[in-house]
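A.B. asks: here is my input; please provide its structure:
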Amino acid sequence: MKNIYAAILVLGTITSVHGQGCGEGRYQTEQFTSVTEVLGVTFGSNTAVTGGAQTLKMDVYMPTGDVLETRPVILVAFGGSFIGGTRGDVADLCRTFAKMGYVAVANDYRVGFFFPNATTTTRAVMRGAHDMKACIRYLRKSVAELDNPYGIDVDKIIAGGVSAGAISAIHATYLDQELELPPVLAAESAAIGGVEGNSGNPGYSSAVLACMSMSGAIGDTLWVNAGDPPLVSVHDVGDGVVPYYTQEVSVIGIATGLVASGSFDLHQRCTHLGMPNCLLPYPGTGHVAYLNSDPVGSVGFVATFCGQLVCNEATTCGDLTTAVADIQEEGTFKVFPNPTSGLLQFNLSSASEIRLLDVSGRVVMQLQAMSGIQHLDLSNLPDGMYTLFVQGATNEVVKVVKGL
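C.D. replies: Numbers count the residues shown, from 1 in each chain. Take a look at the predicted model:
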């Protein structure tokens, strides 16, 4: 994003940390008991999936009784495979963020039935990104022209969402150059309004401080560049709806021929570029299953990262071990000795890709291995907790402790 994030961060440091209400867990844990809701605010319009005009609306959630005049904003777009879903689907999630001190916004984006293929799915993703950008521009317009009715800090806007909403947020954040548009969209660029879109509020910036993804993906990790906004993600490793790694995607079970990179490879790109980023992986084959199995931990993880950013603090990824189930005693996949002083042994049932991640979600070892007995030498790694991912005929996730 051509160092827009860096510019926003500099602007944000002008306001004191105290003035932003930071400290004692604000923006990271719930601080308020009730939420004020303003529902159905129109922020734009564009051509609907099935034709004709569609009005785009947003629901705004604010902490009741907050004395701060301005607060950071987090957009939370709903999921639904770009075919269905409503703003109300993320109401509880928005209320949680509002109780932490954010202004949470559930925004519309255009959804509706389409037959999934590479072209139609690419257009659906871009509609989601365009509509989120229009919502971000409207928030800035509301400060400039409407006397800031929601009490927001325009330098601290975070784009986010769940599933298809996360995909929309990722593309709104990182697909920001005309040269990055996929060929089908490049041919239509003038008609659709380029990377910014025609969904409303021209003349205002759609730049964001960060991106928050719950089970999202990107069409090409090369759209992420040095200086782009930080990213925090949560994702199920075996997700069969939105891939955790890079693979062909399906929509409502129909293969599209479109390849997308999920959270794992997206965060590898961020790490390679030296961008602040944190990834919390969950084992299993569910899709956004963590919002049921660990709602406090998963939401708290992203809130902590975002809270550190809006308070101009160094970002940390916390202890990921709370999310990775200790499955070696329950399943058939065993690693030993565990804890280990260095050498780790396990038996692969098939050729597999092996990844070892540290507690920040960064890959510290990666290799291709054949079936049979395998060894990993962790001797040169610092003592601590690691996560071993095995991707092959079966997918396995095991916590590993280095240090006796």
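
A.B. asks: now for the nearest residue to Met132 once chain neighbours are set aside, how many residues are close by?
C.D. replies: Distances taken as CB to CB, 6 or more residues apart in numbering place Ala172 nearest to Met132, at 4.3 Å, with adjacent residues excluded. Every C-beta, even on glycine, is put in place using the N, C-alpha and C of the backbone. Ala172: 32 surrounding residues under other CB atoms under 10 Å.

A.B. asks: check Thr33 too.
C.D. replies: Thr33, neighbours per other CB under 10 Å, totals 9.

A.B. asks: surely it and Lys99 touch.
C.D. replies: Yes. With contact defined as CB atoms under 8 Å, Thr33 counts as touching Lys99 (7.2 Å).

A.B. asks: rewinding a little: sec struct for the residue nearest to Met132, please.
C.D. replies: Put simply, Ala172 is helix when judged by DSSP: H, G, I helix; E, B strand; the rest coil.

A.B. asks: list the contacts for it?
C.D. replies: Contact analysis of Ala172 by CB atoms under 8 Å, 6 or more residues apart in numbering lists Gly128, Ala129, His130, Met132, Lys133, Ile136, Ala159, Ser206, Val208.

A.B. asks: swap in 6 Å and give it another go.
C.D. replies: Contacts for Ala172 (CB atoms under 6 Å, 6 or more residues apart in numbering) come out as Ala129, Met132, Lys133, Ala159.

A.B. asks: same thing with Gln308?
C.D. replies: Contacts of Gln308 by CB under 6 Å, 6+ apart are Thr315.

A.B. asks: what helix or strand is it located in?
C.D. replies: Here Gln308, judged by DSSP states H and E, is contained in helix 295-310.

A.B. asks: could you check how far that helix is from the centre of its chain?
C.D. replies: Relative to its chain's centre, helix 295-310 lies at 11 Å (CA atoms, centre = their mean, to the nearest Å).

A.B. asks: and after it, which helix or strand comes next?
C.D. replies: strand 335-336.

A.B. asks: which other helices and strands does the helix or strand just after that next one contact?
C.D. replies: Where DSSP H and E defines the elements, the next helix or strand beyond strand 335-336 is strand 343-348. In terms of contacts (3 or more CB pairs under 6 Å, 6 or more residues apart in numbering; DSSP states H and E), strand 343-348 is packed against strand 335-336, strand 372-377.

A.B. asks: and these as TSV, adding mean neighbour count, distance to Gly80 and mean pLDDT?
C.D. replies: Rendered in TSV, the data for the helices and strands packed on strand 343-348 read as follows (neighbours: other CB atoms under 10 Å; distance: least, CB to CB, whole Å; pLDDT from 0 to 100):
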stretch	mean neighbour count	distance to Gly80	mean pLDDT
strand 335-336	15	38	86
strand 372-377	13	40	86
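
A.B. asks: distance to Ser250 added to those strands, as TSV?
C.D. replies: Shown next, in TSV, are the helices and strands packed on strand 343-348 (distance: least, CB to CB, whole Å):
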stretch	distance to Ser250
strand 335-336	32
strand 372-377	31
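
A.B. asks: hmm, back to that, compare the contacts of Ala172 and tell me which is most surrounded.
C.D. replies: Ala159 (34 neighbours).
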